[in-house]
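Colleague: my questions concern the predicted model and sequence given below.
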Number of protein chains: 2
Amino acid sequence: MEKLKKYVSVKDEDQFYHQGAVELLVFNFLLILTILTIWLFKNHRFRFLHETGGAMLYGLVMGLIIRYATKASDVESGTVYECEKLKSGPSTLLINITNQVYEYQYKREISHSNVNGHQGNAMLQKMTFDPSIFFNILLPPIIFHAGYSLKKRHFFRNLGSILTYAFLGTAISCVVIGLIMYGFVKAMVHIGQLEEWEFHFTDCLFFGSLMSATDPVTVLAIFHELHVDTDLYTLLFGESVLNDAVAIVLTYSISIYSPKENPNAFDAAAFFQSVGNFLGIFAGSFAMGSSYAVVTALISFMHLTKFTKLCEFPMLETGLFFLLSWSAFLSAEAAGLTGIVAVLFCGVTQAHYTYNNLSPDSKMRTKQLFEFMNFLAENVIFCYMGLALFTFQNHLFSPLFIFGAFVAVFVARACNIYPLSFLLNLGRKQKIPRNFQHMMMFSGLRGAIAFALAIRETESQPKQMMFTTALLIVFFTVWVFGGGTTPMLTWLQIRVGIDPDEDLKAEAASQSASNLDKNTTKAESAWLFRIWYGFDHKYLKPILTHAGPPLTMTLPEWCNPVARLLTSPSAYGDQLTDDGTDYIINNDELTENYESSAHIPVPAQDRTGSTQATGKEDILEGDLGLGGYKLQLEHTAGQPQMNSLA
Amino acid sequence: MEKLKKYVSVKDEDQFYHQGAVELLVFNFLLILTILTIWLFKNHRFRFLHETGGAMLYGLVMGLIIRYATKASDVESGTVYECEKLKSGPSTLLINITNQVYEYQYKREISHSNVNGHQGNAMLQKMTFDPSIFFNILLPPIIFHAGYSLKKRHFFRNLGSILTYAFLGTAISCVVIGLIMYGFVKAMVHIGQLEEWEFHFTDCLFFGSLMSATDPVTVLAIFHELHVDTDLYTLLFGESVLNDAVAIVLTYSISIYSPKENPNAFDAAAFFQSVGNFLGIFAGSFAMGSSYAVVTALISFMHLTKFTKLCEFPMLETGLFFLLSWSAFLSAEAAGLTGIVAVLFCGVTQAHYTYNNLSPDSKMRTKQLFEFMNFLAENVIFCYMGLALFTFQNHLFSPLFIFGAFVAVFVARACNIYPLSFLLNLGRKQKIPRNFQHMMMFSGLRGAIAFALAIRETESQPKQMMFTTALLIVFFTVWVFGGGTTPMLTWLQIRVGIDPDEDLKAEAASQSASNLDKNTTKAESAWLFRIWYGFDHKYLKPILTHAGPPLTMTLPEWCNPVARLLTSPSAYGDQLTDDGTDYIINNDELTENYESSAHIPVPAQDRTGSTQATGKEDILEGDLGLGGYKLQLEHTAGQPQMNSLA
């Protein structure tokens, strides 16, 4: 008997393994379908349903099938058992059932009202996987990829505007949504759909902050495919990437805002604590992410005399790069900071420093690896969002709340884009035209981040209402706005089919034609950026990469011994052979920035240098993914020394 | 109050997220350390500790730290609670504790004797992750990579020997270990260390089968680095790869062998059922894996008139390739077959067919992706094995059992290699020399598969004893045998530093010098392989890839309409322009096989064709990873048409 029983238990366990396989298989199947669909769409140049929309649609259908084609397998699981001996929920529970000890693991706390929702269907339960998988495994590659493929040049040119939209805009959006939702909640309380104590103003703000995270995926993929105007692309890309980070930290800060007494009253101390939290977490995460990237850069740059450089082992290099970047995320999470913010800035810093040190093989490997991981993670998330509509078991559909949320989201987007664009245009030399503003308004899609923030806590009724609503808004915006992107671009008469090369050539032409005008435009964000750029170029780049002037040139003379130690032999060698020209050329863009702000016409010889530097920067950017600057490479082919550096 | 409580619970949950991050961070940290160590070792050409050994060592140290530096956080979890109302363990348990409902998820069944081991330390519990992660996520990439990078040419040349070692050898090893262990178990019962009923002969066989899985990783990495004799390399690689598959299916078959009455008596019906199970599962898994690969090949080959080929979107192609290969594993698991076997043969088939259809970009992408995943998964597993020695909480050290296992493993390896080699040498024209046999004996390392099979079930005391023993044997063999590989090669005077090109050139030379002798050697496995090769070359390759002769040539005339439909336009085109030479050249190796078995000297013109075909095959193999056949490319540079096909 003993024997037989054991075998039965082995078989049961195997059942469990197979179940794990079945769930993964469902996702694999959905992804395969999505890929085949994308292929089909690409063939027919069909742009009304983007791949993310397709993935969501397939997820939805699959969710429907799982929901209604599988039956409740486990009848007992809906029952609540009493246990008087326990005082609190331990993380592991051992239970003696008919003389067999079973181990149970703590999953979560359930409010009494949801007990019925947890009934039965094991398949449904398995399909709604742990939100921590989202945060620890699926989101990091997406955000890292965004940071790693950032077009630095265009980004920094519009830095002021992007920061304004991302910080101020997100804050505005959060408050506006919060206020409007509070109005709707009051109305719902008034007509008796909601209890007064269930929904506070902080909850509304919480909803506002999570709904303020706009998703770059769908729109930008279409923009990229259509080669939409680079400035519009950069504004939207920069805004949506940074805005995710801001929204996440904001959500967290609001969730730990706990006023002492009346939760509806304003508590100044708690408010300022939240603001402090926001700033502290943001800065801490930024520092964490950047420092990991700096460590990676240092390791990949190491050139001890006895050592082969790491770049001679592309596999190790790629592995280290990958692991350190992921560690940036995990360390930030472990330290109570925000991993997403850390990994974003880690990506930006990696692209800025480490990328220069990688072997050509590793450059391609890392690029392709992150591209691939980004592609998979993105589609898994969108499939899962589709699935969640039917497999998630505690939805709470509240028509009034959903209607309110739709109104709030659009009003908030309008309050974000139009007033801020107006203000920015006061300062910008190159205005943000009206049709760009409309397009930005239209591109306020909600996606993975909003969903991930909403699913993080779904136990209380307000949170369930928020989750259901957020999910519906994601569906609507991805399908309707995502699908409407192409017609909207036509309707707003926004330039498409722009060859980045042409753009840059035109720029170079206008640069030589009207130096002054162009320079002032370019210097738009210079006041923010100049000091940093100087410091970076003079000290950080030489220490962390093979590019830049040798430190012996940039540091004061008394630092020479240290400088010589830290300078890469290659930079030093170039310096010696090229007799200083390298320094001048590399430093040129900085010079230009200074000059442009001072409105002094520059000598023709320096101009040439500047074009060279431009070319070099663009080679990097082209390599980094989004652009295709191949012509630009020919452009600089005349300067072999520049190419070898880049 | 309600409010406050909610926030507390949110914070608790965040605590949980951060814990997930901490565990992942520990692994990341260990992997980073391992990579840095490998780098260091590569610099010093230090081969006495391989990277896997290093990973295991770091894991061990980390396990020690976690074990003794963290304290029991959760005092209550050691207590067993009674629950009379429950009849069986539901998969989800809802418990009401002080008016709060908590959800618990079923983890496993625990035998009464292990309850104490489950006490306390949450960190330790978290570090011992779910065995299903091993099977579903970490093992597939390793096994797939092994199949994908298989050197087909050398493999098939030694197919007979490899199959003998893998099937017959593993069976011998399993039985020998089982018998020896049964002796030791009897002795342990005799001196009172074990109860009679606890350990049956089937348990001994179970242990025997899981300990029969040899690990290719460590030894082959060193072999590859040192360029050891290609035939020895192929024998060991082929044996260890196939042997894993055999051992897994064998373990499973034994675990479901349940004799009706006395578990110690031999039950013929149950035995034959087990044998039937073995054959059925093996064949089913093989079919499942191959058919997924065939589907991939078909999709990547599709050339509908209106469609762009998939290979114009390398990202989609890579994604599809990856997902379908993984699905082969998951489908097999879900269907109750063995995923490892499926994914192994999927890899082999993908390399044989799909690889030919991929775009050059995708060829590199898939190769690098699988290489990278293999690298990471391998090191994670070895780190985890190190960790498990201290973090796993139910070890059962039994000195006599461990001693017995060491003896049994070595005796069994000897009973496997020497007698089989003797038998094989009777049939082989090119004998397996004595020093090769010693080296194969020495290379019987146990690794990931043995560990994974042992950790799958660790509830009963015999299983715990097995797990602990398996872990110790893995440690010993990886460190001692893995470290001793280089000295052993020197001591046995085995050729190292062999350039595969040189090897092939020498072969080509000897081929022209003594055609007959070489051909008979090559034809060693021909009788097994000939029919398959003909079928594959004539029908499968043309249908599934762009290579091979057009079907219109190989099919009977009345099939022409179908043949024309299925033939790739490119193959057809080549055919038309090259006027048949393509067919002859491609078909040459087959011709050679027929000829060699018939011992007819071949005309000189055909010989040249054969060398070309050799070159072509090797380009593929070189691309696939292990070799570096660059010279070979130059070799065939004179035949542009061949290159364009390869």
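Modeller: Received it, and whenever you're ready, just let me know what you need. On a predicted model such as this, the values are computed, not experimentally measured, just so you know.
Colleague: what does the stretch 251-400 of chain A put close to chain B?
Modeller: Residues of the stretch 251-400 of chain A that fall close to chain B, judged by C-beta under 8 Å from any C-beta of the partner chain: A:255-256, A:258, A:263, A:299, A:306-308, A:310, A:313, A:315-316, A:318-320, A:322-324, A:326-327, A:329-331, A:333-334, A:336, A:339, A:365, A:368-369, A:371-372, A:375-376. Where C-beta positions appear, they are placed from N, C-alpha and C, glycine not excepted.
Colleague: for A:K429, give its distance to B:V249.
Modeller: With distances taken as C-beta to C-beta, to the nearest Å, A:K429 is found 72 Å from B:V249.
Colleague: those two: which has the busier surroundings?
Modeller: Ranked by neighbour count (other C-beta atoms under 10 Å in any protein chain shown), A:K429 and B:V249 place B:V249 first, with 25 against 13.
Colleague: mind listing what the nearest residue to A:I432 once chain neighbours are set aside touches?
Modeller: Nearest residue to A:I432, sequence neighbours excluded (C-beta to C-beta, 6 or more residues apart in numbering or on different chains): A:S421, at 5.0 Å. Contact analysis of A:S421 by C-beta atoms under 8 Å, 6 or more residues apart in numbering or on different chains lists A:I432, A:F436, A:Q437, A:M440.
Colleague: how near is A:S421 to B:A452?
Modeller: In terms of C-beta to C-beta, A:S421 sits 58 Å off from B:A452.
Colleague: how about A:T391?
Modeller: Using C-beta to C-beta, A:T391 is found at 30 Å from B:A452.
Colleague: A:F48 too?
Modeller: 47 Å.
Colleague: more crowded one of the two?
Modeller: B:A452 (23 against 13).
Colleague: which non-adjacent residue is nearest the more buried one?
Modeller: B:A452's closest residue in space is B:F134 (C-beta to C-beta, 6+ apart), at 4.8 Å.
Colleague: same question for A:Q437.
Modeller: Nearest one to A:Q437, counting by C-beta to C-beta, 6+ apart, is A:S421 at 4.8 Å.
Colleague: quick one: which helix or strand includes the one you found?
Modeller: helix A:399-427 (DSSP states H and E).
Colleague: could I get the buried residue list for that helix?
Modeller: Buried residues in helix A:399-427, defined by neighbour count with 16 or more other C-beta atoms under 10 Å in any protein chain shown: A:401-402, A:404-405, A:408-410, A:412-413, A:415-417, A:420-421, A:424-425.
Colleague: that older thread, distance of the residue nearest to B:A452 from A:S421?
Modeller: B:F134 sits 53 Å away from A:S421, going by C-beta to C-beta.
Colleague: flag the shaky bits of chain A, pLDDT-wise.
Modeller: A:1-19, A:47, A:71-92, A:97-100, A:105-126, A:128-129, A:258-266, A:302-311, A:499-532, A:546-646 (pLDDT under 70).
Colleague: tell me which stretches of it form strands.
Modeller: A:80-82, A:92-97, A:100-110 (DSSP state E).
Colleague: give me every residue that touches the residue nearest to B:A452.
Modeller: B:I381, B:A452, B:I455.
Colleague: the last one is in contact with B:L387, isn't it?
Modeller: It refers to B:I455. No: taking contacts as C-beta atoms under 8 Å, B:I455 lies outside contact range of B:L387: 11.8 Å.
Colleague: the more surrounded of the two?
Modeller: Neighbours were tallied for B:I455 and for B:L387 using other C-beta under 10 Å; the higher tally belongs to B:L387 (27 against 22).
Colleague: residue contacts, the more buried one?
Modeller: B:L30, B:G59, B:L60, B:M62, B:G63, B:I66, B:M127.
Colleague: out of those, who's the most crowded?
Modeller: With neighbours taken as other C-beta under 10 Å, the top of the contacts of B:L387 is B:G59, carrying 28 neighbours.
Colleague: how near is it to A:F322?
Modeller: 19 Å.
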